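>>> Structure for this input, please:
(one chain, ligands or ions: 1)
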Amino acid sequence: MKKVCVLGLGYIGLPTASLFATHGLRVTGVDIDSHIVQVLNGGEIHIEEAGLRSLFHEAIVSGNLIVKCTPELADVFIIAVPTPIHPDKTADMQAVMGATESIVPYLQQGNLVILESTSPPRTTADLVRPILERSGLRAGQDFHLAYSPERVLPGQILKEMVENARVIGGIDRASAEAGRDLYSAFVKGKIILTDTTTAEMVKLMENTFRDVNIALANEFALIAEEQGVNVWEAIDIANHHPRVKILRPGPGVGGHCIAVDPWFLVEVAPDKARLIRQARLVNDGMPEHVVEIVQRTIGNKGIVAVLGLTFKADVDDTRESPAVEVTERFITAGLEVRAFDPYVKYMPDLKYSLVTSMDEAIEGADALVILVDHTDFKQLEPVRFTSMRGRVVVDTRNCLDDRTWQSSGFDIFRLGSPLLLQKA
Ligand code: SAJ
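Just a heads-up that it's a prediction; the model follows:
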């Protein structure tokens, strides 16, 4: 039975380790954070993801998964650690370097090493390979080396990890094939083999494609506001064209992937990546725009009830969330904030109050601002909001029905909507 050592037990590493373990491989899950290791060894999980808890339990009960702080001898090493960005928007490769270095003492002839972390082009060949070769072993000759990015959608990780097509880039053909043999233990989607740098580019291109297209939707929203057009209606009509699929505008782009990955292309090709950089700036400008909308309605004084803090609908993840940024900007502008999100019970270091019910958030509020289109928020009825002091509602996600709210005496201001003009 093959033994796999998975380094990094976060949103990608933990499901990956659990899937291998429940498909008959012996797995050692490694995380340098002793708290995470302690939680996992206590039978709990430290992240929320549909189906993960039961899969992890199954893996532990099978006896195939153990969790510890340091690597050990194995046939395969998988690196699934975070690659955040520095404040200057360059990639922070510390975790990848640290994880790679930790493998070196355990690397043996015939091993396979796979990097899964999203990384700038050439990372596997130019950063990971030289570190591993400090062992005295040569990539391609003595051990296999591959890059295989994870492309799963938070909220659907387990399903997509199994069903999505998977790209595996090898330092040579044998490395790519070794990767394919490994992942075919649980991957049902097509497995496509290529070289390491192509696989790195593929991952970055996918997320950049989405970022640029969201930026386009956001730019349309800004133009529509000025032109007296409801961008949501316009997008809906345009999307009837067989070759047009415009995405949704919103308060910005969050999460640890789409708001980050395009910068890795800007970093390696600053002169070429002009559109990519501009798209990032458009999306990063949306939180400020939302604050301006609210300021145009109630000025810089008053209580704002914020609905939604996560980076997107129906997840509990607030990392790089534009909703959090908007809320912090309200505080800086002098507004008082009461925020409610059914998925978020606790956030450290808050400068505003995170309340535990919607009623608490709205009581006495001058404005209601919807920042996330959680399913729960799409059926909101105005009758529930009579305890507000004001009647201003700012909908940044096109959740509410204008007519219902207007006929109940509310002023609806929708991102990308002409109503903004009428009230200005
Ligand atoms: N968003 C919009 N408008 C849209 C779509 C999304 O404003 O029309 C916003 C969301 O609200 C959110 C952000 O974009 O703030 C990102 O959300 P997302 O659902 O587009 O993507 P993520 O970050 O959850 O997951 C992405 C996925 N990549 C692609 O769809 C190309 C996923 O497949 C990747 O595995 C993941 O990044 C990753 O880990 O890289």
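>>> Is residue 145 in a helix, a strand, or coil?
Following DSSP: H, G, I helix; E, B strand; the rest coil, residue 145 is assigned to strand.
>>> Okay, and the beta partners of it?
residue 113 (DSSP bridges).
>>> so where's the protein shaky on pLDDT?
419-424 (pLDDT under 70).
>>> quick one: the strands in it?
Here the chain has its strands, by DSSP state E, at 3-7, 26-30, 65-68, 76-79, 112-115, 144-147, 166-170, 191-195, 303-307, 336-340, 353-354, 367-370, 392-395, 411-414.
>>> Please identify the most buried of those.
strand 144-147 (a mean of 28; mean count of other Cβ atoms under 10 Å). The C-beta positions use only the backbone N, C-alpha and C, and glycine is treated the same way.
>>> Which other helices and strands does that strand contact?
The contact analysis (3 or more Cβ pairs under 8 Å, 6 or more residues apart in numbering; DSSP states H and E) places strand 144-147 against strand 112-115, strand 166-170, helix 173-183, helix 196-227.
>>> What lies in contact with that strand?
Contact with strand 144-147 is made by 111-116, 119, 123-124, 128-129, 132, 139, 168-172, 174-176, 178-179, 196, 199-200, as judged by Cβ atoms under 8 Å, 6 or more residues apart in numbering.
>>> Residues of the protein that sit close to the ligand?
118, 150-154, 206-207, 210, 214, 247-248, 250, 253-255, 257-258, 311-312 (Cβ under 6 Å from any ligand atom).
>>> Buried ones among those?
Buried residues within those, counting neighbours by 16 or more other Cβ atoms under 10 Å: 118, 150-152, 154, 206-207, 210, 214, 247-248, 250, 253-255, 257-258, 311-312.
>>> Tell me which residue is most central in the protein.
residue 255 (3.2 Å; Cα atoms, centre = their mean).
>>> Might one say that that residue is in contact with residue 318?
No. Residue 255 is beyond contact range of residue 318, at 9.8 Å (criterion: Cβ atoms under 8 Å).
>>> Identify the contacts common to these two.
Common neighbours of residue 255 and residue 318 (Cβ under 8 Å, 6+ apart) are residue 311.
>>> Identify the residues contacting the residue in the stretch 51-200 of the chain positioned nearest to the ligand.
Nearest to the ligand, among the residues of the stretch 51-200 of the chain, is residue 151, at 4.1 Å (Cβ to the nearest ligand atom). Each residue near residue 151 by Cβ under 8 Å, 6+ apart is listed here: 160, 164, 166, 203, 206.
>>> how far away is it from residue 167?
Relative to residue 167, residue 151 is positioned 8 Å away (Cβ to Cβ, to the nearest Å).
>>> Then residue 295?
Residue 295 is 45 Å from residue 167, by Cβ to Cβ.
>>> repeat for residue 329
38 Å.
>>> ok, now residue 203?
For residue 203 relative to residue 167 (Cβ to Cβ), the value is 8 Å.
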